[in-house]
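A.B. asks: 3D model of this:
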Amino acid sequence: VLATHQSQPYEYLPFAESVCKEHGKYIEFVAVEDLRTGCSFCAVVGELKGRNVVELSRVYRELRDSGILKTIVDKTNISLEKMLTANTSLSITESVSSGLQDNVNELESHMDKCHRMLEVVEGRLTTHLRQREEERMHNLSKSRKELEEKMTKLEQLLKAAEWQLENMDEEKYNMILLMKEMDKLNNEDHAVEINDLKQELDVIIDESIFSSISSHISVMHQATAEPVKEKAQGQSVLEQALAEVIGRLGDKGEIGSKQATAREVLTGVEDVVLLHVESPESFFVMRTRDWKMADMMRMQMKRKWMEGGWGKVKVDDIAVLKDDDATEYHRVKVITIESDLAWVTYIDQGNNSQVPLTSLVCMSENLSTLPPMAHHCTLAGVSSEHEWNEEAARGVRLFSGKDVCKATVVGSRDCMGKNIMIVMFSKEEDQTDISLLDFLVFRALASREGQDLEGSSLPISFRSFLYLPLDRTVQEHLVKVVHVDTPDQMYINLVGENHSYIKYMENMMEEMQEEYSRHEADDQ
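C.D. replies: Sure thing, here's the model as predicted:
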């Protein structure tokens, strides 16, 4: 039977989702009360807020170790075998004749006796018989289609569960939804009542009633009605087992709703943008995948600020700060208060500033407990300096600009109780990765570990200029005319793909202008 069954694609597989649709983060928690799953932000500001939750990874391990997952897989295999058997029965029944032609022949023989008077009856009853046969075939086809859809879905569920059993260290699927789907299908009654689909018809002829010939022949549908089995109400065995497992983990206090805060750290390789720079050993970045969350927070902070309560903050409060231009709102922590001014730390930027007390509104607990969007970093491989000059910080800002860069975490270190991530920092320019450390060392703004910065012979600012040979493999070039001597003699700059050469020239001119202005200021 398996050899003849063709799997059909199933449109939606909810158990394959491992990322929260609302926040775009990995699903990490499950609620004890109703088994709802969500990410770390769901636990703080979303639909899991205020609920007792446990870590999904602990639930996975408990399901594996307790044998619940193995039990549901075995039960699903049995359900699939029942479906295959039912499908075979439907196929056999569909191929067997229902005796239609015999009934039609008997009806036509009798109608010959009734001559023209019964021709109308003949047509009506023949049509009725054919309609019944069409209904029978339609019901058979419908039953087979529904059964095959369930078989396909169950095969996909089984394949995902078996994969998860073999790869327990990886969390590719949402096991809670997967097992719910399997349990739902396992509890359905897959037996098919063949008698209901045969619909045998008998033609009954009353030859003694010729006076009422228009109605003395009828078709009787003989089908045995089977009682409908009602499903038992309440939780299924799987739901009860899951509730017991998750409840037990929750009772152990391994992780509760108060602990379900979205503690995010910079790990692996991340696309980031630069926020604030103190030195190559202390700068702050934001992950690009947090932009959506930052925008959502900004809207909530604006609404909170508009509610009022300006200036009613105290030291150590988390507050909403509105900029002077009234277009930006920031999360800040109040450090000190002096008269009508307050020193604050920008939680999602990394810098400190003194602001008017009236520009602050105490923040709601939902927003204040979210993790900082700014990640404190130090450049890997850079030689530590007792005191960095402003030129080094300016070099980091010049390298990054507003471009998206790549931060690769290679370790971390503790600094006065704060965890600072050690990162390799780079960006792509003209399809080439450029290292921030190489950039700073080349310009003598920093040195590598073990290298003496003062012993370097490189000038403070230096840039090499290359002659780019004309590409003769193409016939047309996008160019910018920069100087004309005569109509037959002029100088041009290649624009390049994605205007890369133009950007190169603009950056070069900006660097030269800055260098000129700095030397001019030194001379004055």
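A.B. asks: thinking Leu100 is in contact with Thr126, fair?
C.D. replies: No. The pair Leu100 / Thr126 is not scored as a contact, 10.1 Å apart, by Cβ atoms under 8 Å. For every residue, glycine as well, the C-beta is placed using N, CA and C.
A.B. asks: In three-state terms, how would Lys145 be classified?
C.D. replies: Three-state assignment for Lys145 (DSSP: H, G, I helix; E, B strand; the rest coil): helix.
A.B. asks: Check it and give its pLDDT.
C.D. replies: Lys145 carries a pLDDT value of 86.
A.B. asks: Then the one 3 residues further on?
C.D. replies: On the pLDDT scale, Glu148 is placed at 85.
A.B. asks: okay, now it: neighbour count?
C.D. replies: Neighbour count of Glu148, defined by other Cβ atoms under 10 Å: 17.
A.B. asks: part of a helix, is it?
C.D. replies: Yes. Checked against three-state DSSP, Glu148 lies within a helix.
A.B. asks: Verify the contact between it and Asn87 for me.
C.D. replies: Yes. The criterion here is Cβ under 8 Å, and Glu148 meets it with Asn87 at 6.9 Å.
A.B. asks: Which stretches in the stretch 251-400 of the chain count as helices?
C.D. replies: 291-306, 365-368, 390-400 (DSSP state H, counting those that start in this stretch).
A.B. asks: how about those in TSV, adding distance to Ile78?
C.D. replies: Output for the helices of the stretch 251-400 of the chain, formatted as TSV (distance: least, Cβ to Cβ, whole Å):
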stretch	distance to Ile78
helix 291-306	44
helix 365-368	47
helix 390-400	60
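A.B. asks: tell me the contacts of the nearest residue in space to Arg61 that is not next to it in sequence?
C.D. replies: Nearest in space to Arg61, with sequence neighbours left out and distances taken as Cβ to Cβ, 6 or more residues apart in numbering, is Met168 at 7.8 Å. Residues near Met168 by Cβ atoms under 8 Å, 6 or more residues apart in numbering: 60-61, 64.
A.B. asks: Make CSV from the residues you listed and add distance to Glu122, neighbour count and secondary structure to it.
C.D. replies: Shown next, in CSV, are the contacts of Met168 (distance: Cβ to Cβ, whole Å; neighbours: other Cβ atoms under 10 Å; DSSP: H, G, I helix; E, B strand; the rest coil):
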residue, distance to Glu122, neighbour count, secondary structure
Tyr60, 69, 18, helix
Arg61, 73, 13, helix
Arg64, 69, 15, helix
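A.B. asks: Can you tell me which of these is nearest Pro372?
C.D. replies: Proximity of the contacts of Met168 to Pro372 was ranked by Cβ to Cβ; the top entry is Tyr60 with 29.1 Å.
A.B. asks: Do you know the pLDDT at the residue nearest to that closest one when sequence neighbours are not counted?
C.D. replies: Excluding the flanking residues, the one nearest Tyr60 by Cβ to Cβ, 6+ apart is Met175, at 5.8 Å. Note on Met175: pLDDT of 78.
A.B. asks: Met175 and Val73 touch, don't they?
C.D. replies: No. Using Cβ under 8 Å, Met175 is not in contact with Val73, being 11.4 Å away.
A.B. asks: Overlap of the contact sets of these two?
C.D. replies: With Cβ under 8 Å, 6+ apart, Met175 and Val73 have common neighbours Ala161.
A.B. asks: Which of these two has more residues huddled nearby?
C.D. replies: Neighbours per residue, other Cβ under 10 Å: of Met175 and Val73, the larger number sits with Met175, 25 against 17.
A.B. asks: Relative to Arg298, how far out is the residue lying closest to Thr345 once chain neighbours are set aside?
C.D. replies: Of all residues not flanking Thr345 in the chain, Lys333 sits nearest, at 4.8 Å (Cβ to Cβ, 6+ apart). Lys333 sits 17 Å away from Arg298, going by Cβ to Cβ, to the nearest Å.
A.B. asks: which element follows the helix or strand of the chain with the lowest mean pLDDT toward the C-terminus?
C.D. replies: Scoring the helices and strands of the chain by mean pLDDT, DSSP states H and E places helix 194-198 at the bottom, with a mean of 54. Later in the chain than helix 194-198, the nearest helix or strand by DSSP states H and E is strand 201-205.
A.B. asks: quick one: the strands in the stretch 201-350 of the chain?
C.D. replies: 201-205, 217-221, 269-279, 282-287, 318-322, 329-338, 341-346 (DSSP state E, counting those that start in this stretch).
A.B. asks: would CSV of those strands with mean neighbour count be doable?
C.D. replies: Below are the strands of the stretch 201-350 of the chain laid out as CSV (neighbours: other Cβ atoms under 10 Å):
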stretch, mean neighbour count
strand 201-205, 14
strand 217-221, 14
strand 269-279, 18
strand 282-287, 22
strand 318-322, 24
strand 329-338, 18
strand 341-346, 20
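A.B. asks: between the ones you listed, which one is nearest to Asp488?
C.D. replies: strand 269-279 (47.4 Å).
A.B. asks: returning to that earlier point: output the strands of the stretch 201-350 of the chain as JSON lines; include the columns distance to Met512 and mean pLDDT.
C.D. replies: Below are the strands of the stretch 201-350 of the chain laid out as JSON lines (distance: least, Cβ to Cβ, whole Å; pLDDT from 0 to 100):
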{"stretch": "strand 201-205", "distance to Met512": "97", "mean pLDDT": "71"}
{"stretch": "strand 217-221", "distance to Met512": "95", "mean pLDDT": "64"}
{"stretch": "strand 269-279", "distance to Met512": "22", "mean pLDDT": "94"}
{"stretch": "strand 282-287", "distance to Met512": "25", "mean pLDDT": "95"}
{"stretch": "strand 318-322", "distance to Met512": "38", "mean pLDDT": "92"}
{"stretch": "strand 329-338", "distance to Met512": "35", "mean pLDDT": "93"}
{"stretch": "strand 341-346", "distance to Met512": "33", "mean pLDDT": "94"}
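A.B. asks: ok, now which ones touch the residue nearest to Tyr60?
C.D. replies: Met175 neighbours (Cβ under 8 Å, 6+ apart): 15, 59-60, 63, 69, 161, 164.
A.B. asks: Just read off the phi/psi values of it.
C.D. replies: phi -70, psi -30 (degrees, to the nearest 10).
A.B. asks: before we move on, what about Ala407?
C.D. replies: Dihedral angles for Ala407 - degrees, to the nearest 10 - are phi -110, psi 120.
A.B. asks: Need the pLDDT of it.
C.D. replies: Ala407 is given a pLDDT of 95.
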